[in-house]
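[1] Have a look; sequence and predicted model below, questions after that.
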Amino acid sequence: MFPSSASQPARHVLTPGQLATLARDLLEGSFPAVWVEGELGGVSRPASGHLYFNLKDARAQLRCAMWRQQAQRLRCAPRDGMQVLLRGRLTVYEARGDMQLIVEHMEEAGEGALRRAFEELKARLAAEGLFDAARKRPLPRLVRRLGIVTSPSGAAIRDVLHVLQRRFPLLDVELVPSPVQGAAAAGQLVQALRWAGASGRYDTILLTRGGGSLEDLWCFNDEALARAIAASPVPVMSAVGHEIDTTLADFAADVRAPTPSAAAELLVPERGELLAQLYRQRARLDAALRRQLDAAAQRTDRAILRLNAVRPHARLERGALRLADLRRRLDAQRSMHLQGRREFLHALCARLRALPPQRMVDMRRERLYHALETLRRERSMAGERHHLRLLGLARALEAVSPLATLQRGFAILRDDAGRVVSRVQQARTDQKLSARLIDGELALRVEPHD
């Protein structure tokens, strides 16, 4: 028998478009961003500028699309058979119902491994504070002796020397040779940099080389080199590769230049600009000296005029007369002061003769005796007043004391909590009470009243 339609569950029917939309939402929600490595196939770039291709391996293939804005930033030309590393997000192309990867970034697979190692080391050194801006030092305002750590046969040293010769030929430049590419380059760069910093010969060090692939520049991503740059006692400028190239040496250096030529322009001022600045300083100095000379000449002219208007001999005569007058006034003041002190001394002697010391002692002794007698009387009277006041307070305290009530035959009842029982309603049958009498306490128990 077939089951009846009433027992079958209700069907929820979807259209292909609805199902594709649900699958797209599920994929985009579950895979926000993924990295995929594989081989390119079916690469197509129509007039729109978008890039379409398949990514495949031995087991499967995946349709991919890269929009024009991201495709224009590619550093490599995608071609069939190329092994690449992609970053993108999964979605469903609803028109065909196909799953595809929307690619945001593409790089060759070998370079991708190096870049992942670069990012991991960069994050670890950054967490240690090796790249913090607070530890970076400014370059000298005017570099006097520059040490260049690079290959003596590379294009970078030629570019740097050409720009330095054109802008500022007076700069003292020394080459510290080191290979800048290959397996052993990193260790030799570290040795050259440490020697340059410890030698004390340079006030600035330039670490540079020309452009190249990520593999060519890999020695500048060495951890030991980054730490040597950060530990250098001399400010270090890094200029490695082209403007788009970035290495750990750039992050560790005190200053980063986009290219070797740009580094040379940052290190020294342009000769014409420096000469113009010197001319301006000289003009300001000449003007300041002229102003000082003019002021000195005016002061000299005024002094000559005053000297001619008042003859020196006449000024000396007036000074001598004033000095004599001051001397007479000083003698008069001194005589008056001595006479006053002499009269004061005579008056003291007369008072001393009129009142002998023994008489003064007797008078002081008598005044002291009277003062002691007055003090004794005041203390006796104050003690008596305090005694009478204390007696009055004692009588007042005794009048309100509960003990006076107990002496008249009364008692104070308290329950087991120490509360005073003053009403019958406060007591319960068989409740234990204590009665305070004048000479002690009694334990009581409440009995029922018939």
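    Yes, it's here. Numbers count the residues shown, from 1 in each chain.
[2] Report the secondary structure state of Leu40.
    strand (DSSP: H, G, I helix; E, B strand; the rest coil).
[3] Next one: it relative to Gln100, how far apart?
    Distance of Leu40 to Gln100, computed by Cβ to Cβ, to the nearest Å: 14 Å. Placement of C-beta: from N, CA and C, glycine included.
[4] Ok, Thr259 next?
    Distance from Thr259 to Gln100, by Cβ to Cβ: 40 Å.
[5] helix, strand or coil for the residue nearest in space to the middle of the chain?
    Per Cα atoms, centre = their mean, the C-alpha nearest to the average position across the chain is that of Ala134, at 9.5 Å. Per three-state DSSP, the secondary structure class of Ala134 is helix.
[6] Name all residues that make contact with it.
    By Cβ atoms under 8 Å, 6 or more residues apart in numbering, the contact set of Ala134 is empty.
[7] per-residue pLDDT, it?
    Note on Ala134: pLDDT of 89.
[8] can you tell me how far it sits from Leu40?
    Relative to Leu40, and taking Cβ to Cβ, Ala134 is found at 45 Å.
[9] Next: Phe131.
    On the measure of Cβ to Cβ, Phe131 and Leu40 end up 35 Å apart.
[10] now do Gln69
    Distance from Gln69 to Leu40, by Cβ to Cβ: 20 Å.
[11] ok, those two, which is more surrounded?
    Per other Cβ atoms under 10 Å, whichever of Gln69 and Leu40 has more neighbours is Leu40, with 20 against 10.
[12] What residues does that one make contact with?
    With Cβ under 8 Å, 6+ apart, Leu40 has these contacts: Phe53, Asn54, Leu55, Pro78, Arg79, Asp80, Gly81, Met82, Gln83, Val84.
[13] Which of the residues you listed fall in strands?
    Assigned to strands by DSSP state E, the following of the contacts of Leu40 qualify: Phe53, Asn54, Leu55, Gln83, Val84.
[14] which of those has the most neighbours?
    Phe53 (26 neighbours).
[15] Enumerate every residue touching that residue.
    With Cβ under 8 Å, 6+ apart, Phe53 has these contacts: Leu40, Gly41, Gly42, Val43, Ser44, Cys64, Met66, Pro78.
[16] same thing but at 6 Å, please
    Leu40, Gly42, Val43, Cys64 (Cβ atoms under 6 Å, 6 or more residues apart in numbering).
[17] Now for the residues you listed, which sits with the most neighbours around it?
    Ranking these using other Cβ under 10 Å puts Cys64 first, with 25 neighbours.
[18] residues of the helix or strand harbouring Val160 that come out buried?
    Per DSSP states H and E: Val160 is located in helix 155-167. When neighbours are counted by 16 or more other Cβ atoms under 10 Å, the buried residues of helix 155-167 are found to be Ala156, Ile157, Asp159, Val160, Val163, Leu164, Arg167.
[19] among the residues you listed, which one has the lowest pLDDT?
    Among the buried residues of helix 155-167, Arg167 has the weakest pLDDT, 86.
[20] Give me the distance between the nearest residue to Ala404 once chain neighbours are set aside and Arg408.
    Closest residue in space to Ala404, ignoring its immediate chain neighbours: Glu398 at 6.1 Å, by Cβ to Cβ, 6 or more residues apart in numbering. Separation of Glu398 from Arg408 (Cβ to Cβ): 13 Å.
[21] How about Leu444?
    As defined by Cβ to Cβ, Leu444 lies at a distance of 20 Å from Arg408.
[22] which of these two has more neighbours?
    Taking neighbours as other Cβ under 10 Å, Leu444 and Arg408 compare with Leu444 leading, 15 against 7.
[23] hey, C-alpha coordinates of the helix or strand harbouring that one in CSV?
    Counting by DSSP H and E, the element that carries Leu444 is strand 440-445. Output of strand 440-445 as CSV, limited to C-alpha atoms (Å, rounded to 0.1, in the frame of the first residue of the first chain):
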residue,chain,number,x,y,z
GLY,A,440,23.5,42.3,95.0
GLU,A,441,21.2,40.5,92.6
LEU,A,442,18.5,37.8,92.9
ALA,A,443,17.5,35.3,90.3
LEU,A,444,13.6,35.1,89.8
ARG,A,445,11.2,33.1,87.7
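[24] same question for that strand, mean pLDDT?
    On average, strand 440-445 scores 84.
[25] what's next to it, contact-wise?
    Lys432, Leu433, Ser434, Ala435.
[26] Note down every partner strand of that strand and its orientation.
    In the sheet, strand 440-445 lines up against strand 432-437 (antiparallel) (DSSP bridges).
[27] Measure how far the strand it pairs with is from the centre of its chain, please.
    76 Å (Cα atoms, centre = their mean, to the nearest Å).
[28] hmm, back to that, if I look at the residue nearest to the centre of the chain, how far off is Val255?
    With Cβ to Cβ as the criterion, Ala134 and Val255 are 15 Å apart.
[29] same check, this time on Ala192
    The separation that Ala192 has from Val255, given Cβ to Cβ, amounts to 19 Å.
[30] What of Leu338?
    Counting by Cβ to Cβ, the gap from Leu338 to Val255 is 83 Å.
[31] Same drill for those two, tell me which one is more crowded.
    For the pair Leu338 and Val255, the greater number of neighbours falls to Val255 (19 against 10), based on other Cβ under 10 Å.
[32] That one and Val236 touch, don't they?
    No. Counting by Cβ atoms under 6 Å, Val255 sits too far from Val236 to count as a contact (7.9 Å).
[33] can you give me the helices for the stretch 1-150 of the chain?
    Under the criterion DSSP state H, counting those that start in this stretch, helices of the stretch 1-150 of the chain are mapped to 16-30, 68-71, 109-127.
[34] per-residue confidence averaged over the last one?
    Put plainly, it is helix 109-127. On average, helix 109-127 scores 78.
[35] helices or strands next to that helix in the packing?
    Helices and strands touching helix 109-127, by 3 or more Cβ pairs under 6 Å, 6 or more residues apart in numbering; DSSP states H and E, are strand 83-93.
[36] re earlier: what residues does the helix holding Val160 touch?
    Thr150, Leu171, Thr208, Arg209, Gly210, Pro260, Ser261, Ala264, Glu265, Val268, Glu270, Arg271.
[37] For PyMOL, write the select line for the buried members of these.
    Only the buried entries of these go into this PyMOL selection, using 16+ other Cβ under 10 Å:
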select buried, resi 150+171+208+209+210+260+261+264+265+268
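[38] ok, Gly97 - contacts?
    Ala20.
[39] quick one, phi psi at it?
    phi 70, psi 20 (degrees, to the nearest 10).
[40] ok, then the element right after the lowest-mean-pLDDT helix or strand in the chain?
    The helix or strand of the chain with the lowest confidence, counting by mean pLDDT, DSSP states H and E, is helix 402-407 at a mean of 71. Following helix 402-407 in sequence order, the next helix or strand is strand 412-415 (DSSP H and E).
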